[in-house]
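Enquirer: need coordinates for the following:
(2 chains)
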Amino acid sequence: MSPLARTWRWIKAHVVLGLGLLVLVYMFVPIAVVVLMSFNDPGKSKNVYKFRSFTLDNWTNPCHPAGMCHAVGLSLGIGLLATVVATIIGTMAAFGLVRHDFKGRSFANTVIFLPMASPEIVMGSSLLALFISGSKIITLGFWTIFIAHVMFCLSFVIVTVKARLAGLDDNLEQAAMDLYANERETFWRITFPLVLPGILGAALLAFSLSFDDFIITNLNAGQETTFPMFVYGAAQRGVPMQVNVIGTLMFLIAIVIVLGGELNNRLKARALAS
Amino acid sequence: MSQASEGSRSLHLSQLTKEFATFTAVKALDLDVPHGSFFALLGPSGCGKTTTLRMVAGLETPTSGSIRLGDTDITYAKPYQRPVNTVFQSYALFPHLDIYENVAFGLRRRKSGDVDRQVKEMLDLVELGTQARKKPPQLSGGQQQRVALARALINRPDVLLLDEPLGALDLKLRRAMQIELKRIQTEVGLTFVHVTHDQEEAMTMADTVAVMNAGVIEQMGAPAELYENPRTTFVANFLGQSNLIAGKVLGAEGDFVKVDMHGITVSIPQERAHVKTGDGWVGIRPEKVLIAAVGEDIDAPGNHLDGGVVTDVSFVGVSTQYLVRMPWGQELQVFEQNTGRRRLFNKGESVDLSWRPEYAFLLDASQDVNAGIEDD
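Expert: The predicted model follows:
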């Protein structure tokens, strides 16, 4: 075989792997930069985007920049609360839309997609108009952010749970009823455990949507500052290195959740195999 | 005493009807299933057999009529309130529970004591004792089928419903499971109501078969009775194969009815003649028809048909199947056992046909002669 043909064969055998690695690198370079910059000591330099020397200061004093940790706390609080509320309402709505045949169901199923499809700036400004016209009842701040976040998370929760629910074999519930489980037992022992992965997926999605929303939040936050708003504001003057610490932490938490789930599955599979 | 208590747990359907928006699935069905019997509801898909089963299970609400279990009316009882369990066609095993918990499910809901012993016994009965901690998707189709059976059976229901339970299995496994199911039914002595479209399966397993078509029961009885003396063209064609020949009733003569069949007079026993005047279909099973060379003596003192010509021969080992064209143009099927006593006939040969009068039956001519023939 000629060297040329051999090279060609090698390329053919490895081209998919190579492209795949390139895509992974493309996706992870920004994260690698964030992790790296979290150890940067910019000193007196104005150029905070250049790595000067290694330090652990950013990690030991994460709350050093004024207002940053308050913003992180606010974002976590709103994120958790909005996630819980949107997941509960969205899950119930998904059950209603899948399980009950009512007039206007297909219309409702279409309308669900509208918040996902409309531009954030449109939703943000219309919400602002709503809140201002209702300023006697509510002032812009924590609760307006919360209401806005629940609103845009809902569609995603409904769509995610609906997909899981539609894939559920209704024979399973009938079998449970046939085996002496009443409606309540059937729901908690069969339906809920089987839909739970969909609900958890929806909750994770809702949290990440809420935590990093900027446009809608910025318009409806009043005097409050969430973490994305803090970063945006800080970016005008030079982002404090601690932002990279928060970014790295969020990334680590996400990895732990994903790997934890995977590990759990593997342990279960191994226990079953033995 | 035991007769009375057994009678009190038998299943009675009366005037049971189920209408859906666009069609009637079950029409005024009357049915009595004695306690301890293996009962089969047989019919083509869409005949209403599964709807009937689901109404008995409580998964479908009847439009009218009633369902009684012994003296208790369960027509509108919730599925979990009736002592009836179902083996679903798709098995419907709970994917998130292991085999043990699947089987224990019904016992736990009823707060039954001694769950562990009962589950282990049941898993042993279906030979899955070693698989208790596996999840359903890790088992083969046949094993899943047995889990579904064990899960229903462990509750000792008054009636066990089986909805095409062997439909998803391959032929060999299906035969094995038929024998297994029959053995278990005999062992536990419960009432089994088995829904199937497979006539061989119904006849092999059931004591009583009800043939259903278009929402009504066409005929009901022991498998041999249904096969030997069908009352409708649907039953004659759906259970095995039949030759149906147009004829005109001439009149009764003793225990027999005489019928003119294209110029040949044949006799049919009174109890097998389901029409007494006018036109009828003379029915005869292919294996009951004897074939012989022209003029040869046939061992059948009865109806004799001359002038046949063999148009097709298929040798299938245990038997030979002939198609014989009769003078009136119809092709009759003849199955001849390969006993070695008779020679094979070739395509194009002239033959005589004959059958014993006691094997023939006579059906009402107003029925579709092709009813119940499955197009494959």
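Enquirer: helix/strand/coil for B:Gln219?
Expert: On the three-state scheme (DSSP: H, G, I helix; E, B strand; the rest coil), B:Gln219 is labelled strand.
Enquirer: where along the stretch 51-200 of chain B do the helices fall?
Expert: If DSSP state H, counting those that start in this stretch is used as the criterion, the helices of the stretch 51-200 of chain B fall at B:99-109, B:115-125, B:141-153, B:171-188, B:199-205.
Enquirer: would JSON lines of those helices with mean pLDDT be doable?
Expert: Conversion of the helices of the stretch 51-200 of chain B to JSON lines gives the following (pLDDT from 0 to 100):
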{"stretch": "helix B:99-109", "mean pLDDT": "96"}
{"stretch": "helix B:115-125", "mean pLDDT": "92"}
{"stretch": "helix B:141-153", "mean pLDDT": "92"}
{"stretch": "helix B:171-188", "mean pLDDT": "85"}
{"stretch": "helix B:199-205", "mean pLDDT": "90"}
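Enquirer: mind putting those in TSV, mean neighbour count and distance to chain A included?
Expert: Quick note: C-beta positions are derived from backbone N, CA and C, even for glycine. What follows is the helices of the stretch 51-200 of chain B, written out as TSV (neighbours: other CB atoms under 10 Å in any protein chain shown; distance: least, CB to the nearest CB, whole Å):
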stretch	mean neighbour count	distance to chain A
helix B:99-109	23	4
helix B:115-125	16	13
helix B:141-153	23	7
helix B:171-188	15	17
helix B:199-205	20	21
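Enquirer: tell me the contacts of B:His194?
Expert: Under the criterion of CB atoms under 8 Å, 6 or more residues apart in numbering or on different chains, the neighbours of B:His194 are B:Phe38, B:Phe39, B:Ala40, B:Leu41, B:Leu162, B:Pro165, B:Ala202, B:Met205, B:Ala206.
Enquirer: picking up where we left off before, mind checking which of the helices of the stretch 51-200 of chain B is nearest B:Val309?
Expert: Closest to B:Val309 of the helices of the stretch 51-200 of chain B is helix B:199-205 (CB to CB; 30.9 Å).
Enquirer: beyond the closest one, next helix or strand please.
Expert: Per DSSP states H and E, helix B:199-205 leads on to strand B:208-213 as the next helix or strand towards the C-terminus.
Enquirer: quick one: strands adjacent to that next one?
Expert: Using DSSP bridges, the strands paired with strand B:208-213 are strand B:38-42 (parallel), strand B:216-221 (antiparallel).
Enquirer: dump the shortest one to CSV, restricted to CA.
Expert: Output for strand B:38-42, consisting of C-alpha atoms alone and laid out as CSV, is shown next (Å, rounded to 0.1, in the frame of the first residue of the first chain):
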residue,chain,number,x,y,z
PHE,B,38,-60.9,-21.9,31.4
PHE,B,39,-63.0,-19.7,29.1
ALA,B,40,-61.9,-18.3,25.8
LEU,B,41,-63.3,-15.3,24.0
LEU,B,42,-62.3,-15.9,20.4
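Enquirer: what average pLDDT does that strand get?
Expert: Per-residue pLDDT values across strand B:38-42 average out to 95.
Enquirer: angle of it against helix B:171-188?
Expert: Using axes from the mean of the first three to the mean of the last three CA atoms, to 10 degrees, the direction of strand B:38-42 lies 140 degrees away from that of helix B:171-188.
Enquirer: what residues does strand B:38-42 touch?
Expert: Surrounding strand B:38-42, the residues in contact under the criterion CB under 8 Å, 6+ apart are B:33, B:49, B:52-53, B:182, B:185, B:191-199, B:201-202, B:205-212, B:238-239.
Enquirer: what does chain A put close to chain B?
Expert: A:169, A:171-172, A:174-182, A:185, A:190, A:193-194, A:272 (CB under 8 Å from any CB of the partner chain).
Enquirer: mean neighbour count, the strands paired with strand B:208-213: which tops it?
Expert: Neighbour counts (mean count of other CB atoms under 10 Å in any protein chain shown) averaged over each of these peak at strand B:38-42, with a mean of 27.
Enquirer: chain center to that one, what's the gap?
Expert: Distance, stretch centre to chain centre, for strand B:38-42: 6 Å (CA atoms, centre = their mean, to the nearest Å).
Enquirer: endpoints of stretch A:205-220, how far apart?
Expert: Counting by CA to CA, to the nearest Å, you get 21 Å between the two ends of stretch A:205-220.
Enquirer: tell me the buried residues in it?
Expert: A:205-211, A:213, A:216-220 (16 or more other CB atoms under 10 Å in any protein chain shown).
Enquirer: nearest to B:Gly129 among these?
Expert: Distance from B:Gly129 was checked for each of the buried residues of stretch A:205-220 by CB to CB. The minimum falls on A:Leu205, at 43.4 Å.
Enquirer: quick one, what contacts the closest one?
Expert: If you count contacts by CB under 8 Å, 6+ apart, A:Leu205 has them with A:Cys153, A:Phe156, A:Val157, A:Thr160.
Enquirer: narrow these to those in strands?
Expert: The members of these all map outside strands under DSSP state E.
Enquirer: so which of the residues you listed sit within helices?
Expert: Mapping the contacts of A:Leu205 onto helices (DSSP state H) picks out A:Cys153, A:Phe156, A:Val157, A:Thr160.
Enquirer: so which elements touch the lengthiest helix in chain A?
Expert: In chain A, ranked by residue count with DSSP H as the criterion, the top helix is helix A:3-37. Using 3 or more CB pairs under 8 Å, 6 or more residues apart in numbering or on different chains; DSSP states H and E as the contact criterion, the neighbours of helix A:3-37 among helices and strands are helix A:242-273.
Enquirer: mind jotting down where the helices sit in the stretch 51-200 of chain A?
Expert: Along the stretch 51-200 of chain A, counting by DSSP H, counting those that start in this stretch, helices occupy A:57-60, A:68-99, A:105-111, A:114-117, A:120-133, A:142-166, A:170-178, A:183-186, A:192-211.
Enquirer: which of the ones you listed sits closest to B:Pro230?
Expert: Closest of the helices of the stretch 51-200 of chain A to B:Pro230 is helix A:170-178, at 34.5 Å (criterion: CB to CB).
Enquirer: count of neighbours near the closest residue in space to A:Arg164 that isn't next to it in sequence?
Expert: Nearest residue to A:Arg164, sequence neighbours excluded (CB to CB, 6 or more residues apart in numbering or on different chains): A:Gly198, at 2.7 Å. For A:Gly198, the neighbour count with other CB atoms under 10 Å in any protein chain shown is 21.
Enquirer: how far off centre is the longest helix of chain A?
Expert: Taking CA atoms, centre = their mean, one finds the center of helix A:3-37 at 27 Å from the center of the full chain.
Enquirer: give me the buried positions along it.
Expert: A:Val34, A:Val35, A:Met37.
Enquirer: residues in contact with the second one?
Expert: What it means is A:Val35. A:Asn244, A:Thr248, A:Phe251.
Enquirer: Throw the ones in helices among the contacts of A:Leu205 into JSON lines and include neighbour count and pLDDT, thanks.
Expert: Written out in JSON lines, the entries for the ones in helices among the contacts of A:Leu205 read as follows (neighbours: other CB atoms under 10 Å in any protein chain shown; pLDDT from 0 to 100):
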{"residue": "A:Cys153", "neighbour count": "28", "pLDDT": "95"}
{"residue": "A:Phe156", "neighbour count": "20", "pLDDT": "94"}
{"residue": "A:Val157", "neighbour count": "29", "pLDDT": "96"}
{"residue": "A:Thr160", "neighbour count": "23", "pLDDT": "95"}
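Enquirer: from those, pick the one nearest chain B.
Expert: A:Thr160 (18.9 Å; CB to the nearest CB).
Enquirer: nice, that's everything, thank you.
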